[in-house]
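1. Mind looking at a prediction? Sequence and model below.
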Amino acid sequence: MRREVVITGVGLVTPLGTSTVETWRALCQMKNGIKEISGFDASAFPVRFAAECPDIDPIGQEYLSPKARMILRTKKGRLAYAAALEAWYMATIDDDTASEWRKTGRIGVCLGSEAARPNLARVAQQIREQILPSKGEIELMSPRAPADLVADMFGVTGPVSVISTACTSSSQAVGEGVLRIRRGEVDAMIVGGVDVLVDPIMVTGFSRLGALSTRNDAPDKASRPFDKDRDGFVLGEGAGMLILEAEETALKRGAVILGRLSGFGCSCNAYRITDSPPDGRGAAQSMLDALRDANLQPSDIGYINAHGTSTPMNDPSETQGIYKAFGDYALKVPVSSTKSMMGHLVAACGAVEVIVALMAIRDRRLPPTRNLEEVDPECELNHIRDGVLQKEIQHAMSNAFGFGGSNGTVVVSRWKS
């Protein structure tokens with residue numbers, strides 16, 4: 001018999017807030033987290049706005065190892081720290097349970113994360129002074145650094161791993177956590193993702209690719225998934241973390257169960273590095289695999305949190321994928337993209353949006369797509385446009401489709417005792 005996997009804690013740090021409550025409230029109020037870049041002087045850049053996170057003061061770090069405290073010197077580390085801490089406290093894991101997990105290696109970590117970019121000013125100075133970067137500086141740029149930090153925070157002795165598949169990273173990290181628990185390797189997993197993309201290298205690189213919106217005169221209107229006048233995505237940063245447990249473990253310790261991770265699917269487009277196939281075949285396969293894994297029919301899904309990046313090619317491709325996977329039900333299932341308010345959090349977006357789907361089920365409130373003023377004829381779906389849709393649902397789907405053709409889909413379900 002397959003072990004059921006449940007969610008007992010979640011944590012968010014996004015451009016809309018430094019907690020799950022703040023972020024969720026802002027999404028339901030259709031607030032905008034996209035503004036002019038403040039982290040560096042972007043006045044000479046072709047794109048001068050982004051979805052930046054407020055920084056975090058990592059209180060209570062004295063118990064951490066020297067390596068973990070070093071990782072906290074980075075903004076990525078601080079965002080991961082805050083989101084993981086919120087999730088852990090929400091899960092109300094008692095000391096005896098945590099101690100037993102550590103002693104037996106029955107808790108693990110899997111995060112989605114990309115390699116950090118070097119500080120160009122620092123690199124230029126080192127070149128001038130002929131100074132080699134320190135071992136610590138190299139370690140801080142590793143995509144594994146946030147996972148090492150989270151493992152150190154909670155004394156994790158089970159498997160610790162990182163998935164780095166661009167925009168699908170944390171969606172696949174959630175899926176990996178589910179699979180490890182189902183296989184009986186662990187009883188609990190800390191999963192999620194973190195990314196900090198708003199820096200000169202990434203803004204320049206994505207601008208050169210032509211992937212970013214250039215609405216410098218109206219940043220609040222820049223992210224407009226599925227809209228006829230969309231012109232690209234908005235770079236963002238943030239972190240989302242979940243505590244997953246085997247259902248029997250959570251029940252034994254009397255945990256409050258927030259929901260169930262019922263299905264996961266992933267695929268590869270085998271198409272182009274930066275483009276999605278127009279027929280949406282890879283996205284459809286990912287969604288169908290997730291439905292099969294959850295033992296659900298398309299008509300069971302009450303809401304899709306779309307990948308919905310606001311790029312000319314991704315949105316029609318995802319639409320076609322939904323048509324392929326959902327058939328006649330494709331025009332009935334409510335769809336929205338919360339990237340319209342938070343921007344694209346890349347390695348963190350999958351986990352963040354899984355949490356959004358979970359909140360939608362819990363509160364019976366489906367968040368809308370902001371700035372969707374005129375739907376592109378190639379993106380016709382049952383879009384949530386003008387505000388929150390009040391609706392009780394049992395299952396929600398979250399899509400994440402990444403550069404390189406990687407796709408990940410997670411199905412979240414209401415938990416019933």
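-> Good, I have the coordinates. Residues are numbered from 1 along each chain as shown.

2. A strand includes residue 335, no?
-> Yes. Judged by DSSP: H, G, I helix; E, B strand; the rest coil, residue 335 forms part of a strand.

3. how many other residues sit next to it?
-> Around residue 335 sit 26 other residues, with neighbours defined as other CB atoms under 10 Å. C-beta coordinates here come from the backbone N, C-alpha and C atoms, glycine included.

4. do residue 220 as well
-> Neighbours around residue 220, by other CB under 10 Å: 15.

5. Just say helix, strand or coil for it.
-> Using three-state DSSP, the secondary structure recorded for residue 220 is helix.

6. Find the nearest non-adjacent residue to it, please.
-> Nearest non-adjacent residue to residue 220, counting by CB to CB, 6 or more residues apart in numbering: residue 32, 4.5 Å away.

7. got the contact list for that neighbour?
-> Taking CB atoms under 8 Å, 6 or more residues apart in numbering as the contact definition, residue 32 lies against 220, 341, 370.

8. and what of residue 194?
-> Contacts of residue 194 (CB under 8 Å, 6+ apart): 76, 79-80, 83, 111-113, 146, 170, 238-240, 347-348.

9. and the residue nearest to residue 220, what pLDDT?
-> What the model reports as pLDDT for residue 32 is 97.

10. So which of the contacts of residue 194 wins on neighbours?
-> When those are compared by neighbour count (other CB under 10 Å), residue 348 ends up highest, at 39 neighbours.

11. and it, how far is that from residue 188?
-> As defined by CB to CB, to the nearest Å, residue 348 lies at a distance of 21 Å from residue 188.

12. Residue 102 too?
-> The gap separating residue 102 from residue 188 is 11 Å, by CB to CB.

13. how is the chain carved up into domains?
-> With automatic domain parsing as the criterion, the domains of the chain are listed as 5-252, 265-413.

14. What lies in contact with the helix or strand harbouring residue 205?
-> Element membership for residue 205, per DSSP states H and E: helix 200-209. Among residues not part of helix 200-209, those counted as contacts by CB under 8 Å, 6+ apart are 37, 40, 42, 45, 46, 47, 50, 117, 120, 212, 235, 274.

15. ok, back up a step: so between residue 102 and residue 188, which is more surrounded?
-> For residue 102 versus residue 188, neighbours defined as other CB under 10 Å are more numerous around residue 188 (28 against 15).

16. sorry, back to before: buried deepest among the domains of the chain, which one?
-> Using mean count of other CB atoms under 10 Å, the stretch among these with the greatest mean number of neighbours is domain 265-413 (a mean of 22).

17. Now the helix or strand hosting residue 240: average pLDDT?
-> In the assignment (DSSP H and E), residue 240 maps to strand 237-246. Per-residue pLDDT values over strand 237-246 give a mean of 98.

18. Output whichever helix or strand comes after that strand as CSV, nothing but the C-alphas.
-> The first helix or strand that comes after strand 237-246 along the chain, using DSSP H and E, is helix 247-252. Once non-C-alpha atoms are left out, helix 247-252 reads as follows in CSV (Å, rounded to 0.1, in the frame of the first residue of the first chain):
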residue,chain,number,x,y,z
GLU,A,247,0.5,10.5,7.0
GLU,A,248,0.9,8.0,9.7
THR,A,249,3.8,9.9,11.2
ALA,A,250,1.9,13.1,11.2
LEU,A,251,-1.2,11.5,12.8
LYS,A,252,0.9,9.7,15.4
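
19. Identify all contacting residues around helix 247-252.
-> 3, 4, 5, 6, 8, 187, 188, 257, 260.

20. Pipe those residues into a markdown table and attach secondary structure per row.
-> Listed next are the contacts of helix 247-252 as a markdown table, based on three-state DSSP:
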| residue | secondary structure |
| --- | --- |
| 3 | coil |
| 4 | coil |
| 5 | strand |
| 6 | strand |
| 8 | strand |
| 187 | coil |
| 188 | strand |
| 257 | coil |
| 260 | strand |
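
21. Rebuild those residues as JSON lines, extending it with distance to residue 62 and pLDDT.
-> Below are the contacts of helix 247-252 laid out as JSON lines (distance: CB to CB, whole Å; pLDDT from 0 to 100):
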{"residue": "3", "distance to residue 62": "37", "pLDDT": "95"}
{"residue": "4", "distance to residue 62": "38", "pLDDT": "97"}
{"residue": "5", "distance to residue 62": "33", "pLDDT": "98"}
{"residue": "6", "distance to residue 62": "32", "pLDDT": "98"}
{"residue": "8", "distance to residue 62": "27", "pLDDT": "98"}
{"residue": "187", "distance to residue 62": "29", "pLDDT": "98"}
{"residue": "188", "distance to residue 62": "25", "pLDDT": "98"}
{"residue": "257", "distance to residue 62": "32", "pLDDT": "98"}
{"residue": "260", "distance to residue 62": "36", "pLDDT": "98"}
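
22. Please consider this matter closed, and thank you.
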